[in-house]
Each structure stands twice: as structure tokens, then as C-alpha cells.
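In: Quick one: sequence and predicted model below, then my questions.
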Amino acid sequence: MEYDYLIKFLALGDSGVGKTSFLYQYTDGTFNSRFISTVGIDFREKRVVYQTVNGRSQRIHLQLWDTAGQERFRSLTTAFYRDSMGFLLMFDLTNEQSFLEVRNWLDQLRTHAYCEDPDIILCGNKSDLEDRRVIGERKARELAEKYGLVYLETSAATGQNVARAIEILLDRVMRRMEMTVDKSVLPHQRILKCHGSQQEQIPIKGNCYC
Amino acid sequence: MALNPSYEAIGKGFVQQYYALFDDPTQRPNLINMYNTESSFMTFEGLQIQGAIKIMEKLTSLSFQKINRIITAIDSQPMFDGGVLINVLGRLQADEDPPHAFSQIFVLKPLGPSFFCQHDIFRLGIHDTV
């Protein structure tokens, strides 16, 4: 099937915060595990249609990368930071340590991502477990504001804000792409219009995951 | 010191004992007895650590509970100081995560009638490109 843009997002955060369940919820359980054995990363895919500000429809092929447990060993293949166009940084509202680790994840991310201020959505996950919550919404919002992130409270269990988080991220990445005059600023720009798009074709060089 | 002819048995025995302790969260703290207070080195996913106490801080900070492990190969060599060099290739699964390949290298240094683990290098077998 044809599409206009291939967009890659990476889900980050401590193990157990619900990254896999979150992506599972969004993609209706479809996943592709063929890369786990070599790169230690799992990805899920979904097709969506994005409406640009001037009303055009763009067919988007979303790839959602999941760290598949390697984060427990503090060993994240840095190539995946570099190739991601947006990030879902997740912590568990019922686990204070996972919230404290957000700063470390941001450091990692800023070091290895394609630029110093990539688009990041901070997700306080497991909002359905209200009786076990230890991180208040105000505290999380303060952190998000301090670092210029969008903050959403999500629940992979009920689906609350799951699609919304990804839609907001996609919107920010697409806007950034349209505003960027020098399009080489975004990673893998050369493969964004892969597979027979009728519009102007950017030559494909090097590895292409699609 | 002479080469130790039992290097194969020592390598296999050590690996078996080491992972039996490592993979059981209640036993993991006992790994401290394998390392020397000063002269043990560990490189864990590129992070360099020296000394039993710091090594144990690292090992006990890992967030999984149980580990399922499959050992594919244990290759050992005798060293000229009487020690044993061991390379382990295997797969591990932390809690319910997908399994990952790993490799781990140990150098056992003779100490009286026994050994301690002088060098320990661990990496998951994952790559930057597909």
C-alpha cells in the first residue's frame, strides 16, 4: 500500500511503565517482532491520515518502536534515538522512581536524538489506578513545563489519551517538517517518501526499513 | 604458576554456580563473594566498575526479578598465571520481556585453593542496524 510519509516514533521510559501495553492498545495488538533478535527493538505499525493546516490529506505510515526490555540493562541501541522523529517518554503514575528517571531519559534523548529539542510527549501512564497514584498531576505538569514537553495522563488499560498522545506527537512532527526549510534536519528524510509516491521523489540511499 | 589442566570443568562449574546465584533474586547478593574488594573489574554494557561493593550496587540495581537463561556455549582457556578465561554465549529473558542474546566474559584468578572473578564483561547481543 502506498503512503506519503513514513514516520518513526520511539517509546522510552523505565521498564514496567507500560510502553508495550500502550503501543499494543494503539495498534490493536498488531506487532512485528522480526527485529527483536538482532537490534533488540520491537515495532508496531499503523496507517493514519493526517490533515495538514491547509486542508490536504497525507497518508502516514507510523512505525512505533518499542525497546523490548533492553532498557533494563541500560543498553539502548543509540541508532534508534537518532532515527526517531518523535518520542513518547513514559513514566508510571504509581511508581515514583520511574518519574524521577524522566530527567535521565531526557538527558539520554537529547544526547542521541537527531536534534537537541525533538518533539516529546510526556505520558503519565496507568491513570486508571487512581488509588495507587503517587505522582500528582501538578507535579508532572511542572516537570513538563520546565523541559518544554507536552504532558498527558494516559491509561494503556482503558485507552485514555493513548491515541491522543500519538496524534499530538504526529501533529507536532508534521508541523516541524513543514516549517523546516532545510529538510535534512529531520532524520532519514531521504526515505520519508519511500515506495512509489507520485510526488517529488527524494533519492533513496542507505538503509531503508520499509 | 602452571596452566590448570581442569580449566574446562572449572569454567563450566563457575558459570553454573554464578548464574544460579544471579538468576535468583534472593541469592543475588551472595555474588559479592565471587569478587575481590579491590581488584575485580566489571564492564556492564560499557559501564566500567571496580571493586566488589560497586559491582554489587550495579547488579542489585537491575530492575528485573527473575531471569530465564539458556546457555548456548561456554568456552574456556587456561591462563599462564593459573587462572581461567571464560566466554559465555547465551540468551536471557528478564521477567516477561522478549528474550535477548548476551555474551559474558570472566577471568578467574587463583586465590589459595580457589578462585575469584577478576574480570567480568557483559553485553546484550543487540546491534545498531538491522
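Out: Yep, that arrived.

In: Kindly provide the distance from B:F80 to chain A.
Out: Shown here: B:F80 relative to chain A, a distance of 33 Å by C-beta to the nearest C-beta, to the nearest Å. C-beta here means a position set from N, CA and C on the backbone, and glycine is covered the same way.

In: Also B:S103?
Out: B:S103 is 12 Å from chain A, by C-beta to the nearest C-beta.

In: so which strand or helix has that residue?
Out: Element membership of B:S103 [criterion: DSSP states H and E] is strand B:100-111.

In: Now do that strand: which elements does it pack against?
Out: On a contact count with 3 or more C-beta pairs under 8 Å, 6 or more residues apart in numbering or on different chains; DSSP states H and E, strand B:100-111 meets helix B:7-22, strand B:84-94, strand B:114-124.

In: Next, the angle strand B:84-94 makes with the last one.
Out: Here strand B:114-124 runs at 50 degrees with respect to strand B:84-94, directions being taken by axes from the mean of the first three to the mean of the last three C-alpha atoms, to 10 degrees.

In: what lines up beside the strand holding B:S103 in the sheet?
Out: Sheet pairing of strand B:100-111 (DSSP bridges) gives strand B:84-94 (antiparallel), strand B:114-124 (antiparallel).

In: Restricting to C-alpha, output that strand in PDB.
Out: The C-alpha coordinates for strand B:100-111 follow below in PDB (Å, rounded to 0.1, in the frame of the first residue of the first chain):
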ATOM      1  CA  HIS B 100      17.800 -11.300  24.200                       C
ATOM      2  CA  ALA B 101      21.100 -12.800  23.300                       C
ATOM      3  CA  PHE B 102      24.000 -11.900  25.600                       C
ATOM      4  CA  SER B 103      27.700 -12.600  25.900                       C
ATOM      5  CA  GLN B 104      29.800 -12.500  29.100                       C
ATOM      6  CA  ILE B 105      33.500 -12.900  29.700                       C
ATOM      7  CA  PHE B 106      35.000 -13.900  33.000                       C
ATOM      8  CA  VAL B 107      38.600 -14.100  34.100                       C
ATOM      9  CA  LEU B 108      39.100 -16.300  37.200                       C
ATOM     10  CA  LYS B 109      42.200 -15.600  39.200                       C
ATOM     11  CA  PRO B 110      43.600 -18.200  41.500                       C
ATOM     12  CA  LEU B 111      43.400 -17.400  45.200                       C
END
